[in-house]
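In: quick one: sequence plus predicted model below, questions after.
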Amino acid sequence: MILTISLKEFRSLFAIPSTWLILGALQFIFAWFFLARLDAFLQVQSQLAQLANAPGATLAVAAPLLGTVALILMMLIPIFTMRLIAEERRNQTLVLLMSAPVSDIHIVVGKFIGLMLFLLLIITSCMLMVLTLAAGTQLDTGLLLTNVLGLILLAASYTALGLYISSLTAQPVVAAIGALAIFFGLWLVEVSAVDNDNTWRALAPTSHFQNFNIGLINSTDLIFFLLFCSTFLLLTIRRMHNNRIYS
Amino acid sequence: MYNDILGYIYLPIQSASALMSVTAPITLSARNLIRRFGRREVIHGLSLELRHGEVLGLLGHNGAGKSTTLQMLTGALLPHSGEIEICGFDLTRQPQKAKAQTGFLPETPPLYREMSVNDFLIFAAKLHRIPRAQIADALTETKRRCGLQDSGKKIIGTLSKGYQQRIGIAQAIIHQPEVIILDEPTVGLDPSQIRDIRTLIRELGNMHSVILSTHLLGEVESICDRVEIMHHGRLIYGDSSIKMQQYGSQSGFIVTLLAPPALSELQAIAEVQQVDPLSTTQFRILHAANANPSAALLALAAQHGWQAEQLVPLRTRLEDVFMQITQDEKL
């Protein structure tokens, strides 16, 4: 049942022209950024060669690119999460799911997985581009894999939070702006923290992604992302149930 | 006034199910439903029952609580107290089993505008747990019933309101539910579409049980076996739709006599209680419910050459009955 809802979400994304436009534009931005980094790397390559422990192409090109992907996902995900519940509520299609023999858990998790499938597609397309580097150099697969894992976890936590904001309102625009504002707030908390051990900093998903970005897998980060996702998914399920009582 | 009286709508012959339904199994029962929005209580202890093969019309003014009631019956809204049982499954304790037996068309059909008709109906079928192997058959059968055979590949958003309404009904019946709940199914349709959809609902009513809300009295007359009138969150009247038409009505008929006699002569006929001239040739004659003077009148007419042309029994229009019932409640 979860799969039915996920696949429907995934497929209906591709029925909208703007999705294709976004996918195309994203790929363009990624390529632009990728080539710029690659160009810079090639220019300093001869100097790097003289260093004892020089950073390779993976660390110099791929990691910064994936860091940018993380930032772009932050701005992109609210646009997609707003459709999930708020728009359905406004178009009065939510009642189809509410009166169908599926539980709130099925609905929420189904929608979450549906959007995650789409985000995986974006991440994969970006990774394919990075993998072209393998033609000219040896890639650091460990670093790449931790980056991918980090990106997926980051996207999942943004999606869970965005989904929750979406479940609070019947106005898609409010849902998108609300989610974007919160993501930005969390990001600013991370950026503005002077001290590295700042507790505020620990609240921001981006700061936990930083570790993955440099190739570190900390159990703290893993637990943070899992807790973040499950908390907001549970809140969304709770909210959907309350919707039947109070709306 | 006189056009009003002549403008009755003839009652189509009701299906036999109205009479049979007393013994048919109960498919839906709701007991003492209470629903509040904030502090305002909008449904006050509503109870109703629906039997297999029955079409029940929920009639009421705007804002009487019809939509809220129907949403509660489908589980989209939870009642604050009271019980709903569908085919023996309690809606709050076994929601998935109970909901599998219902199909719901809300006021606005819940359609994903960007999907094609086929994709949407297949999604609805899966959502209602039809086994994968039977989906194709269910799809063809439902499209045939709703007249959607030629629109399978079209995008829902491009179709007209009438077709969208049909898709709405199709998603509600694709899983052959025991109970079909329709919220104002014919709103916004043109007359021929209304006729098609009414025929479809009548057809569905023979095999399933249907509950529909409406504020169109003609709809009740043409498709419902039974009527419940809702007023301010309460059911104030419930009976078969035939009986409802007789509510508080006065027995009588209108007779056309091309060469009428003096009024007093008509008055003199046995059992006639009152004669009102409607025009120079038409008379409204009222009589007691158990004695009908029409035979005597026609015999006299033939005898005296009054040239009787037309004799139409008087029947109250549903509108009047409805107004009378809701008025009575206010007093």
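Out: Noted; the coordinates are in hand.

In: got a pLDDT number for B:Leu19?
Out: Predicted confidence (pLDDT) for B:Leu19: 47.

In: sketch out the low-pLDDT regions of the stretch 101-250 of chain B for me.
Out: Counting by pLDDT under 70, the ranges of the stretch 101-250 of chain B that qualify are B:241-250.

In: how about the residues of it by chain A?
Out: Applying Cβ under 8 Å from any Cβ of the partner chain, we find that the stretch 101-250 of chain B lies next to chain A at B:102, B:104, B:106-108, B:110-115, B:119, B:123-124, B:126-129, B:171. For glycine as for every other residue, the C-beta is placed from the backbone atoms N, C-alpha and C.

In: quick check on those residues: which are buried?
Out: When these are checked for burial by 16 or more other Cβ atoms under 10 Å in any protein chain shown, the buried set is B:102, B:104, B:106-108, B:110-112, B:114-115, B:119, B:123-124, B:126-128, B:171.

In: which of those fall within helices?
Out: B:Asp119, B:Phe123, B:Ala124, B:Lys126, B:Leu127, B:Gln171 (DSSP state H).

In: and what about B:Asp239, helix, strand or coil?
Out: strand (DSSP: H, G, I helix; E, B strand; the rest coil).

In: not counting sequence-adjacent ones, nearest residue to it?
Out: B:Val227 (6.5 Å; Cβ to Cβ, 6 or more residues apart in numbering or on different chains).

In: quick check: the one you found is in a strand.
Out: Yes: assigned with three-state DSSP, B:Val227 falls within a strand.

In: doesn't B:Leu59 make contact with it?
Out: Yes: at 5.7 Å, B:Val227 counts as touching B:Leu59 under the criterion of Cβ atoms under 8 Å.

In: looking at those two, which one has more neighbours?
Out: A direct count of neighbours by other Cβ atoms under 10 Å in any protein chain shown for B:Val227 and B:Leu59 places B:Leu59 higher, at 30 against 27.

In: wait, that one touches B:Gly218, no?
Out: No: if you go by Cβ under 8 Å, B:Leu59 and B:Gly218 don't touch, sitting 11.3 Å apart.

In: ok now stretch A:206-223, how far from the chain's centre?
Out: Relative to the chain's own centre, stretch A:206-223 is displaced by 14 Å; criterion: Cα atoms, centre = their mean, to the nearest Å.

In: show the end-to-end separation of that stretch, please.
Out: Start-to-end span of stretch A:206-223 (Cα to Cα, to the nearest Å) is 14 Å.

In: list the buried residues in that stretch.
Out: A:Thr206, A:Ser207, A:His208, A:Phe209, A:Gln210, A:Asn211, A:Phe212, A:Asn213, A:Gly215, A:Asp221, A:Leu222.

In: which secondary structure element contains the residue nearest to A:Gly110 when sequence neighbours are not counted?
Out: Distances taken as Cβ to Cβ, 6+ apart put A:Ile5 closest to A:Gly110, at 2.8 Å, once the chain neighbours are dropped. Using DSSP states H and E, A:Ile5 sits within helix A:2-13.

In: so for that helix, mean pLDDT?
Out: 92.

In: got it, and stretch A:203-214?
Out: Rounded mean pLDDT across stretch A:203-214 is 88.

In: ok, and what's touching that stretch?
Out: A:63, A:66-67, A:70-71, A:74, A:146-147, A:149-151, A:153-154, A:157-158, A:186-187, A:189-190, A:193, A:201-202, A:217-218, A:220-221, A:224-225, A:228 (Cβ atoms under 8 Å, 6 or more residues apart in numbering or on different chains).

In: just to revisit the earlier point, for the helix holding A:Ile5, name the packing helices and strands.
Out: helix A:104-131, helix B:117-127 (3 or more Cβ pairs under 8 Å, 6 or more residues apart in numbering or on different chains; DSSP states H and E).
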